[in-house]
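> the following comprises the amino acid sequence and a computationally predicted model.
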Amino acid sequence: MAALILCHFLLAACAGPLVGRLGTRAFAVLALPPAAALAWALAHWSGAAAGSSVSWSLAWLPEYEVWLALRLDALSLLMTLLAAGVGALVLLYCVRYFSAGDPLLGRFAGNLLAFAGAMLGLVLADDLVLLYVF
């Protein structure tokens, strides 16, 4: 769960060189993390529909009982499908929409993927700290 979010941000940091090398086809590569998040959410559909949830937590400041926690339940599953699905479709649409000569296209691609990762983190956040961060 956290790896999917982290993957969005790591690939967003590499978006500039990737767009410089592949041109607008890099948007198809950048659509892979949202597509993976969409597939992951669809794989948990039956469990969330039955009322179970998937949780992940990491003790950030254990002496103050501050945790970084993510949770996938029925509502966050629906929002994950929406955020990841729209994110993947927008990035795929960018392949044909933009021309390869724009010098700021790599920065835009990175911002777009980081935004998709932030939306995924926002819908999966299970504590106020992560909700504020995303």
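Nice, I can see it.
> next, count neighbours for L128.
Per other C-beta atoms under 10 Å, the neighbour tally for L128 reads 10. Yep, even glycine has a C-beta here, placed from its N, CA and C like the rest.
> the lengthiest helix in the chain: how far from the chain's middle?
In terms of residue count, the longest helix belonging to the chain (DSSP state H) is helix 74-97. Centre-to-centre, helix 74-97 and its host chain are 9 Å apart (C-alpha atoms, centre = their mean, to the nearest Å).
> number the residues from 59 up from this point.
In the new numbering, first residue 59, that becomes helix 132-155.
> which strands and helices sit next to it?
helix 84-88, helix 90-101, helix 103-107, helix 163-182 (3 or more C-beta pairs under 8 Å, 6 or more residues apart in numbering; DSSP states H and E).
> dump the ones you listed to JSON lines, plus mean neighbour count.
Below are the helices and strands packed on helix 132-155 laid out as JSON lines (neighbours: other C-beta atoms under 10 Å):
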{"stretch": "helix 84-88", "mean neighbour count": "22"}
{"stretch": "helix 90-101", "mean neighbour count": "19"}
{"stretch": "helix 103-107", "mean neighbour count": "13"}
{"stretch": "helix 163-182", "mean neighbour count": "21"}
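> which stretch in those helices has the least confidence?
Lowest mean pLDDT within the helices and strands packed on helix 132-155: helix 103-107, a mean of 89.
> what sits up against that helix?
Identification of contacts with helix 103-107 by C-beta atoms under 8 Å, 6 or more residues apart in numbering yields S111, V112, L130, D131, A132, L135.
> what about the residues you listed, which one has the most neighbours?
Of the contacts of helix 103-107, with other C-beta under 10 Å as the count, L130 tops at 23 neighbours.
> all set now, cheers.
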